[in-house]
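Asker: the following block contains a protein sequence and its predicted model.
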Amino acid sequence: MIIGSKGIMVRGGFGGDGLVSFRHEKYIPFGGPDGGDGGVGGDVFIMAEPRADDLGVLRQKKEFIAENGNQGGSGQKHGKKGEALIILVPLGTMIFVEGSEPFVPFADLTTPGRKVLVAKGGRGGLGNTRFATAVNQAPEIASKGEPGEERHIILEFKLITDICIIGYPNSGKSTSLAAISRARPQIADYPFTTRQPILGVLSQSLKRDFVIAEIPGIVEGAHSGKGLGNEFLRHVERTKLLIYLVDGTSPTIADDLRKLDKELELYKPGLPQKPKIVAVNKVDLPQVQARLSDIKQALNKLEVPIFYISAVSGLGLMELTRKAMEMVEQAQDEEVSVGEGLAPPPTFMVFHPRPKGMLNPKHEIRNAKQYRSTNDQNLSSNEVKDSKQGKF
């Protein structure tokens, strides 16, 4: 089962203590203090690992503590720094810190290998060398290492997919997923066969593979916990395309679509505005064929692509997948163009020290002004002399 949320405690390592030590060597009666500082405690990082499927790797552990720093040594030797602790989580994990602003993530790990510092190690204590003064030249004191930073954080995992199939129970989501991808979900003729998101890979494009997910059945009131609740609706947030799969045998297909939109809107406002496709399933059944014209007339008002398919016979699946891949690529291109249209990063002034022997620009300006004023005075005095001699 996919574990989508996990609360853990992280703490940086303690800093090592400083050392009280004095230099002892032959023929040096007053060696003085030589105690070294303690090492810094290890930090705790959380890193996105593409090979991790969910937060199940953290199932058996709730506390993550980095290594402590070592005590300082004699001869003013610095203690060894504590080793950092790296917690691996899947791509799409959001980090929330308890006690901070709610609903605002501390970090969102959507890039492979991204590493975030969540708990800093404590500073090492000072050795007695640090406390030597002109008055007290042989101090017998040293400071303790400081404790590392401690945080209680919540990890929330959201799948990063290209396409999500959503719909009511028994609408044929698992059958459709198995027909268009290499996934092999459990298929049965009773509701809620799928109890967790199922991932598949759609590889009909020469450019790249597409990740497609089936979300467990959504019922009216899912946002408030009815049915399987909204436990898995979080995985819809990151997808690029929604496929609304509805049962063609339902007498209220248009109402079913409105209810799906409503549940997504109640879970997170704006979620139904994602690019979407409507797929009416089971159109190969006689009872659906008999009222297919009425269904088309009821859905023609929708301003989204509509496909009439049969997951069992494969009718319309090729056209559906081709359109879905086209819309995903279009949405991805729009994201790239929006990113390129953002304001450029701010520029910073860089200080470049002048080589020795060169004048400061201010001095150069001042000297230039003095030179011009001197020249002006010389010119004016020469003009006065020439006027007296009658040259003008």
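Answerer: Received the coordinates, thanks.

Asker: what's the first-to-last distance across stretch 71-85?
Answerer: 20 Å (C-alpha to C-alpha, to the nearest Å).

Asker: for it, which positions count as buried?
Answerer: Buried residues in stretch 71-85, counted by 16 or more other C-beta atoms under 10 Å: 71-74, 76-82, 84-85. Using the backbone N, CA and C atoms, a C-beta is placed for each residue, glycine as well.

Asker: may I see those residues arranged in TSV, with distance to residue 201, secondary structure and pLDDT as well?
Answerer: Listed next are the buried residues of stretch 71-85 as TSV, based on distance: C-beta to C-beta, whole Å; DSSP: H, G, I helix; E, B strand; the rest coil; pLDDT from 0 to 100:
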residue	distance to residue 201	secondary structure	pLDDT
71	53	coil	95
72	55	coil	95
73	56	strand	94
74	61	coil	91
76	59	coil	90
77	55	strand	93
78	51	coil	93
79	50	coil	94
80	46	coil	95
81	43	coil	95
82	42	coil	95
84	35	coil	95
85	33	strand	95
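
Asker: can you list the strands that the helix or strand where residue 213 lies pairs with?
Answerer: According to DSSP states H and E, residue 213 maps onto strand 210-214. When sheet partners are counted by DSSP bridges, strand 210-214 sits next to strand 163-167 (parallel), strand 198-202 (antiparallel).

Asker: returning to what we had before: quick one: the buried residues of stretch 71-85 as TSV, columns for distance to residue 333 too.
Answerer: Compiled in TSV, the buried residues of stretch 71-85 are given as follows (distance: C-beta to C-beta, whole Å):
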residue	distance to residue 333
71	58
72	58
73	59
74	64
76	60
77	58
78	53
79	54
80	51
81	46
82	46
84	39
85	40
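
Asker: tell me the phi and psi of residue 256?
Answerer: phi -60, psi -40 (degrees, to the nearest 10).

Asker: how many residues are close by it?
Answerer: 18 (other C-beta atoms under 10 Å).

Asker: is it true that it touches residue 246?
Answerer: Yes. Counting by C-beta atoms under 8 Å, residue 246 is a contact partner of residue 256 at 5.2 Å.

Asker: what segments of the stretch 251-392 of the chain are strands?
Answerer: Counting by DSSP state E, counting those that start in this stretch, the segments of the stretch 251-392 of the chain that form strands are 276-281, 306-308.

Asker: ok so, going back, comparing the strands paired with strand 210-214 by mean pLDDT, which bottoms out?
Answerer: With a mean of 77, strand 198-202 has the lowest mean pLDDT of the strands paired with strand 210-214.

Asker: re earlier: spit out the residues that contact residue 256 and residue 246 alike.
Answerer: residue 168 (C-beta atoms under 8 Å, 6 or more residues apart in numbering).

Asker: still on that earlier bit, any idea which of the strands paired with strand 210-214 is most buried?
Answerer: Of the strands paired with strand 210-214, the one with the most neighbours on average (mean count of other C-beta atoms under 10 Å) is strand 163-167, at a mean of 26.

Asker: how much does that strand deviate in direction from strand 276-281?
Answerer: Interaxial angle of strand 163-167 relative to strand 276-281 (axes from the mean of the first three to the mean of the last three C-alpha atoms, to 10 degrees): 50 degrees.

Asker: could you shift the numbering so residue one becomes 626, and keep it that way?
Answerer: Sure, I'll start counting at 626 from here, so that last one is strand 788-792.

Asker: what is whichever helix or strand comes after strand 788-792 packed up against?
Answerer: Later in the chain than strand 788-792, the nearest helix or strand by DSSP H and E is helix 798-805. Judged by 3 or more C-beta pairs under 8 Å, 6 or more residues apart in numbering; DSSP states H and E, helix 798-805 is in contact with strand 788-792, strand 823-827, strand 835-839, helix 942-965.

Asker: nearest to residue 714, out of the ones you listed?
Answerer: With respect to residue 714, and counting by C-beta to C-beta, the nearest of the helices and strands packed on helix 798-805 is strand 823-827 at 17.1 Å.

Asker: which residues sit against the closest one?
Answerer: Residues from elsewhere that reach strand 823-827, judged by C-beta under 8 Å, 6+ apart: 784, 786-788, 799, 802-803, 805-808, 810, 834-839, 946, 949-950.

Asker: what do you get for stretch 917-928?
Answerer: For stretch 917-928, contacts defined as C-beta under 8 Å, 6+ apart pick out 873, 878, 879, 882, 903, 905, 908, 913, 931, 933.

Asker: and the fourth one, how far is that from residue 926?
Answerer: So the one you mean is residue 882. Distance, residue 882 to residue 926, by C-beta to C-beta, to the nearest Å: 11 Å.

Asker: who's more crowded, the two?
Answerer: Taking other C-beta under 10 Å, residue 882 and residue 926 do not tie; residue 882 has more neighbours (20 against 7).

Asker: now do the same contact list for the more buried one.
Answerer: Neighbours of residue 882 in contact, by C-beta under 8 Å, 6+ apart: 869, 871, 903, 924, 927.

Asker: for residue 714, same thing?
Answerer: 671, 672, 673, 674, 677, 680, 682, 683, 734, 780, 782.
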